[in-house]
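J.: structure of the sequence below:
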Amino acid sequence: MKIDWAALGSVFGVSLVVTVGLVALFTLGVTGLSRREKAAAQGNSAALAVTGAYVAFAACAAAVAYGIYLIVAKA
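T.: Modelled structure (predicted):
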């Protein structure tokens, strides 16, 4: 059995980048919801922050769904 180290490294690199990207998107969503709480406490509107949070969460869900699709399609 021979291990293709280049392919293994490529898979590791892509998975690391995608994981960091998903964490960053989720963090943006949580930050947007946090700004909504701050704006509500001050009596202001934070529609843009909430919309951005929902878009970030939707992008996270889409990325996870695409990953599951890739796993199922290759099986």
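
J.: middle-most residue in the protein, spatially?
T.: In the chain, the C-alpha nearest the mean C-alpha coordinate belongs to residue 22, at 2.6 Å (C-alpha atoms, centre = their mean).

J.: ok, which stretches of the protein are helices?
T.: Ranges of helices within the chain are 5-42, 47-74, based on DSSP state H.

J.: the residue nearest to the centre of the chain touches residue 61, doesn't it?
T.: No - in this structure, residue 22 is not within contact of residue 61 by C-beta atoms under 8 Å, at 10.2 Å. (Each C-beta comes from the backbone N, C-alpha and C, glycine too.)

J.: give me the phi and psi angles of residue 4.
T.: phi -90, psi 90 (degrees, to the nearest 10).

J.: I'd like the distance between it and residue 15.
T.: Residue 4 is 16 Å from residue 15, where distance means C-beta to C-beta, to the nearest Å.

J.: can you pull the pLDDT of residue 75?
T.: Listed pLDDT for residue 75 reads 65.

J.: wait, doesn't residue 30 sit right on residue 54?
T.: No - the criterion here is C-beta under 8 Å, and residue 30 misses it with residue 54 at 12.0 Å.

J.: show me where pLDDT drops low in the protein?
T.: Scanning the chain for pLDDT under 70 picks out the ranges 75.

J.: give me the contacts around stretch 62-75.
T.: Residues outside stretch 62-75 that contact it (C-beta atoms under 8 Å, 6 or more residues apart in numbering) are 18, 21-22, 25.

J.: burial of residue 57, as a residue count?
T.: 17 (other C-beta atoms under 10 Å).
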